[in-house]
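Please find the sequence and the predicted model below.
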Amino acid sequence: MIVNILDKLIFACAFIISLQLPQLSDHYQQHLAGLYHATKWQVDGYADTAKQYKFSSTQAMINRHLANTEPSVRADAEQKQQTLMLFADLNQGMKLFEQGNLVQKLLYIFSPERFDRLQNTLDNFKLGIPLTTSALLFALILAIILNQLVMLPYTLYVAHKKRNAASA
């Protein structure tokens, strides 16, 4: 009896947690979009500056500034280079959120190198219940899988006990 209650409690907790993942994905996408647009504005500014001063590309301008003897110019160029790398990653993320499925999105969200973005998203995250069929089905399937995994030791123990009782 206690095991049945525990089984139901584990399933309910897993289902509630699983319901939050599609919501978290939506919140993360909104955060990512804001960061993408702000960074795009910066990168476009770099491109305009490179064009204005007759550089063949933004990277050519950065390379020239990296070779400059003035430390502040080199530091600025390094920051610009980091911003370009960030923009490339954000661009990849935006494409994934436009075309990818929920599992791909969650793998992107929970990758260790993006922990800061996840933390920023969680700071403003509010619990909710998604109202889409796909989100509900995802949560149900994930909850069943998690429940089965958590209850697996008990299931194996009962099966082992029955086998021993049958062979005795």
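Nice, I can see it.

Report the buried residues of the lowest-mean-pLDDT helix or strand in the chain.
Across the helices and strands of the chain, mean pLDDT, DSSP states H and E gives its lowest value to helix 133-167, namely a mean of 86. Of the residues in helix 133-167, A135, L136, F138, A139, L142, A143, L146, N147, M151 count as buried by neighbour count, 16 or more other Cβ atoms under 10 Å. Bear in mind the C-beta positions are built from the backbone N, C-alpha and C, glycine included.

Point out where the chain drops to low pLDDT.
168 (pLDDT under 70).

residues in contact with the residue nearest the centre of it?
With distances taken as Cα atoms, centre = their mean, the chain has I109 as the residue nearest its mean C-alpha position (0.6 Å). Contact analysis of I109 by Cβ atoms under 8 Å, 6 or more residues apart in numbering lists L24, S25, Y28, L118, T121.

Please state the offset of the helix or strand containing N4 from the chain centre?
Using DSSP states H and E, N4 maps to helix 2-52. Chain-centre distance of helix 2-52: 6 Å, with Cα atoms, centre = their mean, to the nearest Å.
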